[in-house]
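Undergrad: kindly return the folded structure for what I paste below:
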Amino acid sequence: MVYSLKQLAEHKGFILALAKRELDAKYKQSFLGKLWIVIQPFMFMLILTIVFSKFARLPSEGVPYALFFLTALLPWNFFTNAVGSAPNIIVGQTGLIKQRAFYRLSLVINRLLTESVNYFYSLISLVILFIYFQITPSWTFVMVIPLFILQAILIMGFMMLLSSLNVYVRDIGLATPIITRLWFYLSPVIYSYHSIGEEYQKWLILNPMTGILDGYRRILLHGEMPDIMPLIYTLGFSLVIFVVGFTVFNKLEKKFADVL
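TA: Numbers count the residues shown, from 1 in each chain. I've put the predicted structure just below:
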């Protein structure tokens, strides 16, 4: 771990340059550019708000459904976009890996950094809704920072694991979008964790994203501290998946160039 931190420090410039290049390249030919980071979740929110608040009439914890939904959708998008891109991180840089000797984990860090920037941009749409509905976050807003760090640890663990395994088993890249799509409906994004029966809550708490998504809602919408039990499980799960992902990545990365 200490060696990895030293390597990351040495490759800091490379990581930042690569992240900037990816962000610029993604929106270079687009007329609206980075505005799409705000527009896409906002339009998705409008569509599902109409469906679930007007027709399905799902409970929204006493706040406008649009705000209720977007507060969980944005961190969910951060998770699924980062994890969904993980299988292609290494296999998509075959030329770079074969031609240049560098710390390969920097590619994963770069992608996490890129998706984090996209996530922060997307929060503009949430700020717009807070202003529109005249809602002022309380002092608990500062708890978003440790919650984001916890989510980043979880995401990084999955990214290290999936990016390394997909070099050897390409089925992982094909299965990942299917799994994340199913995971969406098993996570409290369109519905509230507290609105389902207790017999289902004990199962939903096993989903590491439950504590994170519900935590964002507790903090931003209700000015409350997150429920501790879901977060304890999420913390334990995140640390385990991070250690497993880190171990697997460092074990497999030695032969990336040979396999690719």
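
Undergrad: which stretches of the chain form strands?
TA: Here the chain has no strands by DSSP state E.

Undergrad: at the geometric centre of it, which residue do we find?
TA: Closest to where the C-alpha atoms of the chain average out (Cα atoms, centre = their mean) is residue 79, at 1.7 Å.

Undergrad: for this structure, which helix is longest?
TA: helix 105-132 (DSSP state H).

Undergrad: chain center to that one, what's the gap?
TA: 9 Å (Cα atoms, centre = their mean, to the nearest Å).

Undergrad: from the contact counts, what lies against it?
TA: Contacts defined by 3 or more Cβ pairs under 8 Å, 6 or more residues apart in numbering; DSSP states H and E place helix 105-132 against helix 2-10, helix 12-27, helix 35-49, helix 65-85, helix 88-91, helix 144-168, helix 228-252. C-betas here are computed from N, CA, C, even on glycine.

Undergrad: could you check how many residues crowd around residue 205?
TA: When neighbours are counted by other Cβ atoms under 10 Å, residue 205 registers 19.

Undergrad: that one contacts residue 229, correct?
TA: Yes - counting by Cβ atoms under 8 Å, residue 229 is a contact partner of residue 205 at 6.7 Å.

Undergrad: now for those two: what residues contact both?
TA: Both residue 205 and residue 229 are in contact with residue 211, where contact means Cβ atoms under 8 Å, 6 or more residues apart in numbering.

Undergrad: related to what we said a few turns ago, between helix 35-49 and the longest helix of the chain, find me the angle.
TA: 60 degrees (axes from the mean of the first three to the mean of the last three Cα atoms, to 10 degrees).

Undergrad: let's test this: mean pLDDT of helix 105-132, rounded?
TA: In this model, helix 105-132 carries a mean pLDDT of 88.

Undergrad: between that helix and helix 228-252, how big is the angle?
TA: 150 degrees.

Undergrad: in helix 105-132, what's buried?
TA: Neighbour-count burial for helix 105-132, counted by 16 or more other Cβ atoms under 10 Å, picks out 105-119, 122-123, 125-126, 129-130.

Undergrad: same deal with stretch 191-202?
TA: By 16+ other Cβ under 10 Å, the buried positions in stretch 191-202 come out as 191, 192, 193, 201.
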